[in-house]
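Trainee: Fold the following and give me the result.
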Amino acid sequence: MSISDSLQAAPVSAVAGAAESPSGPRLDRARFSWASIPLLLPAIGLLIALFVGPVIYSFYLGFTNLELIGPTSQHYSLTGLTNLTRLIHDAVFQKSLYLTAFFVLGSAVIGATLVGLILAMAMQNALGAARAIVGGMVIVCFVLPPVVVALAWYAAATSHGAYTALFADPKGDFLAAAPMIVVSAANAWNLTGLAMILFAAALRNIPGEILESARMENASAVQRFFRITLPLLRPTLVTTILLMTLLALANFTVVYIMTAGGPGTSTMILPVYSYQQAFQFDNLGYGALVGDAMVILATVLSFVYVRLSRGRGDR
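Mentor: Prediction:
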């Protein structure tokens, strides 16, 4: 059977079973030793103090009547399911869930990940000078502070900005006409550099002999991508999507500086809504509960991505 026929039959990831020993169990499966517990205690202590403890306290605050100012700013108490009932019936919160999903999918999963993969593959075969110039520009976009990114896109997308002039409508205001699309594009523009770096590193680890053999067997570029490159990039692809998703989900600065959640509530993603409730409306307890919803959402997405990243032999 030729390589081109093999490409039609099954992807390269089918060779994952080769990692099994003659007796059956995988030799590369992670193993645990109780002797490692004392070595992990400092890290476990820091994890509990800096992450687990604050998260548990945040969940506790979400069920209290704590306020930023007022009589319950110091003497607050548990209110049962009052905040949770309010959250379930909160129309703005429900809209924030939809807007957050749009923002994450548009700017992270589709925008940054897809464009980063395309740029990494394009620069793989580009000339050295073009690779250095384009790669440098994309990386600069990533290392810019979020405040600079937000101000640059705000200036470009509003009236008399670069984008309005580019489309021969200097008095137009793209940010007011399509605010969610503009802030998603700004976030994708900021994150694409990181995605490109991750994919470029993964592409360099793909054995050139496999691609060359497939090319000699007249496998098309589409076949080589979907049957060789993409299966071998699967771990990096899932990791990149997870990282982009978490970065987009926690994004506050870009959206808040560009729109502050407006016009109205048209860009009121969860981080901005949590901040608004806690520090503008002084409802620290309810704002903490909105933040808790974000933690739960991030945990669920992380679990799904981790499960997708595992091969059949790891399940």
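Trainee: Relative to residue 95, how far out is residue 101?
Mentor: To residue 95, residue 101 is 11 Å away according to CB to CB, to the nearest Å. To be clear about C-beta, it is placed using only N, CA and C from the backbone, and glycine gets the same treatment.
Trainee: Could you do residue 63 as well?
Mentor: 23 Å.
Trainee: Among the two, which residue is more densely surrounded?
Mentor: Neighbours per residue (other CB atoms under 10 Å) separate residue 63 from residue 95, with residue 63 holding more: 19 against 16.
Trainee: Could you double-check that that one lies in contact with residue 76?
Mentor: No: the pair residue 63 / residue 76 is not scored as a contact, 10.5 Å apart, by CB atoms under 8 Å.
Trainee: any shared contact partners between those two?
Mentor: Contact criterion CB atoms under 8 Å, 6 or more residues apart in numbering; residues bridging residue 63 and residue 76 by contacting each: residue 285.
Trainee: Please point out which parts of the helix or strand containing residue 192 sit buried.
Mentor: Element membership of residue 192, judged by DSSP states H and E, is helix 179-204. By neighbour count with 16 or more other CB atoms under 10 Å, helix 179-204 contains the buried residues 179-200, 202-203.
Trainee: contacting residues for the nearest residue to residue 115 once chain neighbours are set aside?
Mentor: Computed as CB to CB, 6 or more residues apart in numbering, the closest residue to residue 115 that is not its neighbour in sequence is residue 192, at 4.9 Å. By CB under 8 Å, 6+ apart, residue 192 lies in contact with 111, 112, 115, 116, 119, 138, 141, 142.
Trainee: so of those, which ones are in helices?
Mentor: Using DSSP state H, the members of those that fall within helices are 115, 116, 119, 138, 141, 142.
Trainee: and the fifth one, what is it in contact with?
Mentor: Just to be clear, that refers to residue 141. Neighbours of residue 141 in contact, by CB under 8 Å, 6+ apart: 149, 189, 190, 192, 193.
Trainee: for the fourth one, same thing?
Mentor: Contacts for residue 138 were tallied using CB under 8 Å, 6+ apart; they are 119, 192, 193, 196.
Trainee: Check the gap between the last one and residue 140 for me.
Mentor: So that's residue 196. From residue 196 across to residue 140, the span is 12 Å (CB to CB).
Trainee: Overlap in contacts, these two.
Mentor: Common neighbours of residue 196 and residue 140 (CB under 8 Å, 6+ apart) do not exist.
Trainee: And for stretch 89-108, what's in contact with it?
Mentor: By CB under 8 Å, 6+ apart, stretch 89-108 touches 87, 180-181, 183-188, 191, 241, 244-245, 247-249, 251, 255, 265-270, 272-273, 290, 293, 297.
Trainee: Could you check that stretch and say which residues are buried?
Mentor: Judged by neighbour count using 16+ other CB under 10 Å, the buried positions of stretch 89-108 are 90, 93, 95, 96, 99, 100, 103, 104, 106, 107, 108.
Trainee: Output the helix or strand containing residue 98 in PDB with nothing but the alpha carbons.
Mentor: Following DSSP H and E, one finds residue 98 within helix 91-104. Extracted in PDB, the C-alpha atoms of helix 91-104 (Å, rounded to 0.1, in the frame of the first residue of the first chain):
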ATOM      1  CA  ALA A  91     -31.400  39.300  32.300                       C
ATOM      2  CA  VAL A  92     -28.100  41.200  32.100                       C
ATOM      3  CA  PHE A  93     -26.200  38.200  33.400                       C
ATOM      4  CA  GLN A  94     -27.900  35.900  30.800                       C
ATOM      5  CA  LYS A  95     -26.900  38.400  28.100                       C
ATOM      6  CA  SER A  96     -23.400  38.500  29.500                       C
ATOM      7  CA  LEU A  97     -23.100  34.700  29.200                       C
ATOM      8  CA  TYR A  98     -24.000  35.000  25.500                       C
ATOM      9  CA  LEU A  99     -21.700  37.900  24.900                       C
ATOM     10  CA  THR A 100     -18.800  36.100  26.700                       C
ATOM     11  CA  ALA A 101     -19.400  33.000  24.600                       C
ATOM     12  CA  PHE A 102     -19.300  35.200  21.400                       C
ATOM     13  CA  PHE A 103     -16.200  37.000  22.700                       C
ATOM     14  CA  VAL A 104     -14.300  33.700  23.500                       C
END
